[in-house]
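>>> Sequence and predicted structure, then a few things I'm wondering about:
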Amino acid sequence: MSSIVIQDLHVSIAEKEIIRGLSLEFSKGEIHAVMGPNGSGKSTLAKVMAGHPDYQVTEGDVLMDGVSILEMEPDERSRKGLFMAFQYPMEIPGVSNANFLRAAVQARLPEGEELDAIEFYQRLYEKMDLLDIRREFTARSVNEGFSGGEKKRNEILQLAMLEPAFAVLDETDSGLDIDALKVVANGVNKIRGPEIGILLITHYQRLLNYIVPDFVHVMSEGRIVRSGGKELALELESKGYDWLKEKKGEPVGAN
Amino acid sequence: MSTETNSIDIDRNVGNFFYNVRSTRDAGVGLTEKTIDYIVDVKKEPEWLREFRKNAYRVFNSKPLPTHWAGDELKEIDFDVIRYYLASGEAAKRTWEEVPEDIKRTFERLGIPESERKFLAGVEAQFDSEAVYSNIKKAVADQGVIFMGSTDALKERPELFRKWFGKVIPTADNKFSALNSAVFSGGSFIYVPPGVKVKHPLQAYFRINAENFGQFERTLIIADEGSEVMYMEGCTAPKFTTATLHSAVVELVALPGAKIQYITVQNWAPNVFNLVTKRGLAMEEAEIKWIDCNIGSRLTMKYPGVVLKGRKSRGEVISIALAGDGQHQDTGAKMVHAADETTSNIVSKSISIGKGRATYRGLVHVPKHLKGCKNNTECDALLINSTSRTDTYPAITVRGTGNATQHEASVSQISAEQIFYMQQRGLSEGQAMSLAVNGFVNDLVRQFPMEYSVELKRLIDLEMEGSVG
């Protein structure tokens, strides 16, 4: 089974340890939610998987289909099938969404092979229709002047176009009102399936009402402190993160 | 794609190649009055021009190097080792078949004959000091449009040439306009009769082939009443270890209601000193637009200007400068408002890479007695590395109550987070940089004709390739 395996991961930024021995595994066809309070290291997990240069892995490994990805450049990880939806997507002034996606799709072709423009636009329009995105969107600069909802929807469009084997969605629900949240969740639900494994990082249970996960992991102080089925999210919702503190020290459930 | 290896090799070095071409006309090294006599004699020029040149030579000697302006790198030019005139002694040919083989090959490698067939109304190709090829499509010539080398125009159309020659840019404008006036050779002369709108662009290509050489072309474009013309120039030179000098003077005259668009894409080797004076004179309701793209060179000093002499005339400068490592692009614009209701627009974007330095110098002048004048100036700088440098010196003098000006400037950097974002989508660091830089200049690049914007994008990609790591 095609999977990502995170083994006893320790991560520091500027000498400060953020992730302290985290282990987690998810496979294609599954959605795993990682929940946790602010500062628990959730976003660090996403960034370190994608290869952000500011973070240092001091111990442990991240394997994609059995191969360590830690020595790979961020772009190589991406081309090998790992996608990350950003909590704060960057603006790229003057570069249209269509050109950006074209460059990204082109980067996946073997050297010397040119992208078929007609085919590309057909596929792009198809995915845009799926996500209820209007045509004029293609000509706008990447994320420039976008509302929070538009930015997140753009992340999902990129996800749909690049068709990765694995996707890490970093707080995709943050800053969205309920309508925007539904649109984004709807997009993810259309993409989910046997060909993709998704790691959904979120602070709130709210998102999980719309994207129902197969597994839920709770993160605290740089570790997974509890794992379970989707009902764990509801339990957290009613009891709050403080409830975890009392539970500390208990053996962590594996999935 | 594998069959194209050859052309890719050329692309990487852009204009960096040369063939051994023997020049039978050679003024030798260094600049004295004898050099000028040699040029005048070999070109069989009239006596008034000998006097004009010698006077310019004295002005050149009397003016100090403007090192307080751009910088000390000007001192790297050794005027005594430069050769001021090199040519084959043959007249410009009307067909490429007649052009000597090595010279023809040079221009073929640069893609000039191909572009001519595709989309140009006329082409002039200059090799070192003289035009080797000059041709205008018959349909355009039949409209009365004149397009020839300035050397030929001096002989064939002296009345038109002398009327405006040196009138927009006087000899003593600056040290390098004086140098050009002393030793100029080559360049284009264009005259567009009243009401004639030239549909396709006219193009000149300036190629430096020789080492220790100075190219001093002189271009004069006159658009008569209500006419329209677009002129494009491209320039390259091989990379030599010693300094090469390019010092042109370009004068534009837009008579009432005429429109001139002048487009430059230059891609000089990093040893070229590019010190060029460009100015246009816009009469009533006329319009002059400079679109200027400066890539390469050791130092470029160039500030295209428009003197807005007639009521309701308009001037525009759109400029892109890319300063690579060890290069200095000192560029900008001058807008001199000299009549009511004149408008000017300056948009300048620069990119500095490595230890590259980009300087914007703008001069906008609106005197007190004028009414209804408007200026808009925008200059944006992009710094790629922490060692990159940019400076902005806008000198905007707008007097009087009925005039308006607007000035915006920005300096930005491509952030590590932006690069990470693009890398996360699969682009290499170099590709990400390139894309961001192309995005930065995109709104200006769109104003170039299609063929040039493609070329420009490719040049930017090549420059950015070496900038990361």
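Thanks, I have it. Residues are numbered from 1 along each chain as shown, chains lettered A, B, ... in the order given.

>>> what's next to stretch A:206-214, contact-wise?
Applying CB atoms under 8 Å, 6 or more residues apart in numbering or on different chains, the set of residues contacting stretch A:206-214 from outside is A:30-33, A:172-173, A:181-182, A:185-186, A:188-189, A:192, A:200, A:202, A:216, A:229-230, A:233. For every residue, glycine as well, the C-beta is placed using N, CA and C.

>>> can you tell me how far A:Asn99 sits from B:Ile169?
A:Asn99 sits 41 Å away from B:Ile169, going by CB to CB, to the nearest Å.

>>> again with A:Ser43
Where B:Ile169 is concerned, A:Ser43 sits at a distance of 60 Å (CB to CB).

>>> neighbour count winner among those two?
Taking A:Ser43 and B:Ile169 together and counting by other CB atoms under 10 Å in any protein chain shown, B:Ile169 has the greater number of neighbours (24 against 21).

>>> B:Asn55 should be in a helix, yeah?
Yes - applying DSSP: H, G, I helix; E, B strand; the rest coil, one finds B:Asn55 inside a helix.

>>> low pLDDT regions in chain B?
Counting by pLDDT under 70, the low-confidence segments of chain B come to B:1-14, B:466-469.

>>> helix/strand/coil for the closest residue to B:Val21 other than its chain neighbours?
Counting by CB to CB, 6 or more residues apart in numbering or on different chains, the nearest residue to B:Val21 once its immediate chain neighbours are dropped is B:Asp102, at 5.2 Å. With three-state DSSP as the basis, the three-state label of B:Asp102 is helix.

>>> Count the neighbours of the residue of the stretch 101-250 of chain B found nearest chain A for me.
Distances from the stretch 101-250 of chain B to chain A, computed as CB to the nearest CB, single out B:Gly111 as the nearest residue at 20.3 Å. Under the neighbour criterion other CB under 10 Å, B:Gly111 is assigned a count of 16.

>>> List the residues that contact the residue most central in space within chain B.
The C-alpha lying nearest the average C-alpha coordinate of chain B belongs to B:Thr264 (CA atoms, centre = their mean; 4.9 Å). Taking CB under 8 Å, 6+ apart as the definition of contact, the neighbours of B:Thr264 are B:232-235, B:290-294.

>>> Leaving out chain neighbours, which residue sits closest to the residue in the stretch 51-200 of chain A that chain B sits nearest to?
Distances between the stretch 51-200 of chain A and chain B by CB to the nearest CB are smallest at A:Gly94, namely 3.1 Å. If you skip the residues right next to it in sequence, A:Gly94 has B:Gly439 as its closest partner in space, 3.1 Å away by CB to CB, 6+ apart.

>>> now do B:Pro201
Leaving aside its sequence neighbours, B:Pro201 is closest to B:Met230 (4.3 Å, by CB to CB, 6+ apart).

>>> Let me know the secondary structure of that neighbour.
In the three-state summary, B:Met230 is assigned as strand, counting by three-state DSSP.

>>> So it sits against B:Leu202, correct?
Yes - taking CB atoms under 8 Å as the definition, B:Met230 is a contact partner of B:Leu202 at 7.2 Å.

>>> any chance you could map the helices in chain B?
Secondary structure of chain B by DSSP state H: the helices cover B:5-13, B:33-42, B:47-62, B:101-109, B:112-119, B:138-142, B:150-156, B:158-164, B:175-183, B:416-424, B:429-445, B:450-465.

>>> Can you add distance to B:Gly362 and give those helices back as JSON lines?
What follows is the helices of chain B, written out as JSON lines (distance: least, CB to CB, whole Å):
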{"stretch": "helix B:5-13", "distance to B:Gly362": "34"}
{"stretch": "helix B:33-42", "distance to B:Gly362": "35"}
{"stretch": "helix B:47-62", "distance to B:Gly362": "26"}
{"stretch": "helix B:101-109", "distance to B:Gly362": "35"}
{"stretch": "helix B:112-119", "distance to B:Gly362": "32"}
{"stretch": "helix B:138-142", "distance to B:Gly362": "35"}
{"stretch": "helix B:150-156", "distance to B:Gly362": "29"}
{"stretch": "helix B:158-164", "distance to B:Gly362": "26"}
{"stretch": "helix B:175-183", "distance to B:Gly362": "19"}
{"stretch": "helix B:416-424", "distance to B:Gly362": "28"}
{"stretch": "helix B:429-445", "distance to B:Gly362": "16"}
{"stretch": "helix B:450-465", "distance to B:Gly362": "22"}
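
>>> just the ones you listed: most buried one?
Between the helices of chain B, helix B:175-183 has the highest mean count of neighbours, a mean of 25, where neighbours are mean count of other CB atoms under 10 Å in any protein chain shown.

>>> That one versus helix B:47-62: what angle between them?
Using axes from the mean of the first three to the mean of the last three CA atoms, to 10 degrees, the inter-axis angle of helix B:175-183 relative to helix B:47-62 is 150 degrees.

>>> and helix B:175-183, how far from the chain's centre?
16 Å (CA atoms, centre = their mean, to the nearest Å).

>>> what's the answer for stretch B:308-324, then?
13 Å.

>>> likewise stretch B:370-379?
Average the C-alpha atoms of stretch B:370-379, do the same for its chain, and the two points are 24 Å apart (CA atoms, centre = their mean).

>>> and what of stretch B:50-63?
Relative to the centre of its chain, stretch B:50-63 is centred 23 Å away, using CA atoms, centre = their mean.

>>> do the same with stretch A:34-41
Using CA atoms, centre = their mean, we find the averaged C-alpha position of stretch A:34-41 to lie 14 Å away from the chain's own average C-alpha position.

>>> cool, and stretch A:198-209?
Taking CA atoms, centre = their mean, one finds the center of stretch A:198-209 at 11 Å from the center of the full chain.

>>> end-to-end on it?
End-to-end distance of stretch A:198-209: 16 Å, with CA to CA, to the nearest Å as the criterion.

>>> ditto for stretch B:97-111
15 Å.

>>> which residues are in contact with it?
By CB under 8 Å, 6+ apart, the list of residues contacting stretch B:97-111 reads B:10, B:15, B:17-21, B:88, B:90, B:93, B:96, B:113-114, B:125, B:127, B:132-133, B:205, B:207, B:209, B:234, B:236.

>>> Who are the contact partners of the residue of the stretch 51-200 of chain A closest to chain B?
A:141, B:438-443.
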